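Chemist: quick one, structure for this:
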Amino acid sequence: MTTMTEKFKILGRYIKDLSTETPDIETYLFVKERIAKYQLSIDINSKALKNKMIEVNTTFKFEDKQENQKKSHFEIVNSTIVKINEEITDKKELEKIILCDVQIEIYPEIEKTLLNLLHNSGFPRIKFEKKVDFENLYKKKFN
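Modeler: Model (predicted):
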């Protein structure tokens, strides 16, 4: 499962952490009514390994941003091991690879895993209407 681009190569991917919690039946029934209001948040961090390799951790949380007593919790932490092309030394370019290019490549799989988690947690009708636009998020953050 290695894909080659000029800038980087994904050496491996795995789910580092997967969690879902709905504490009781009352919460489940409450959340079932509200889950359309839940929002996806994404957090990305990375740490350098040796030999131009980087561990990129992408955390997807699907959560209720409102102050409700009754909440369900859904979270996936995906770890991707990326080998960066030797010629890439520019920090900006490296940031774009980690925050944008790698994410675009791994997103469809993570989204599928998160939807399966939600469906298997008793919320079968959930789907994400719009895809995450990492290119756009990156531009907003750095421009």
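Chemist: need the residue closest to the centroid of this protein.
Modeler: Centroid-nearest residue in the chain: residue 60, 3.9 Å away (criterion: C-alpha atoms, centre = their mean).
Chemist: beta-bridge partners for it, please?
Modeler: Taking DSSP bridges as the rule, residue 60 bridges to residue 42, residue 76.
Chemist: quick one, what contacts it?
Modeler: Neighbouring residues of residue 60 by C-beta atoms under 8 Å, 6 or more residues apart in numbering: 40-42, 75-76, 78, 110, 114. C-beta: built from backbone N, CA, C; applies to glycine.
Chemist: got TSV for those, with pLDDT and neighbour count too?
Modeler: Formatted as TSV, the contacts of residue 60 follow (pLDDT from 0 to 100; neighbours: other C-beta atoms under 10 Å):
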residue	pLDDT	neighbour count
40	93	14
41	93	11
42	94	15
75	97	17
76	97	20
78	98	23
110	94	21
114	95	22
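Chemist: wait, which of these is closest to residue 9?
Modeler: residue 78 (17.0 Å; C-beta to C-beta).
Chemist: so where does the closest one fall, helix or strand?
Modeler: strand 73-84 (DSSP states H and E).
Chemist: now the helices for this structure?
Modeler: Along the chain, the segments classed as helices by DSSP state H run 25-34, 91-96, 102-120, 134-142.
Chemist: between the ones you listed, which one is closest to residue 19.
Modeler: The nearest among the helices of the chain, by C-beta to C-beta, is helix 102-120 at 8.9 Å.
Chemist: quick one: buried residues of that closest one?
Modeler: By neighbour count with 16 or more other C-beta atoms under 10 Å, helix 102-120 contains the buried residues 102-103, 105-107, 110-111, 114-115, 117-118.
Chemist: just checking, residue 127 touches residue 118?
Modeler: No. Using C-beta atoms under 8 Å as the test, residue 127 is too far from residue 118 to be in contact (9.0 Å).
Chemist: buried residues in the strand holding residue 78?
Modeler: Going by neighbour count (16+ other C-beta under 10 Å), the buried part of strand 73-84 is 74-78, 80, 82-84.
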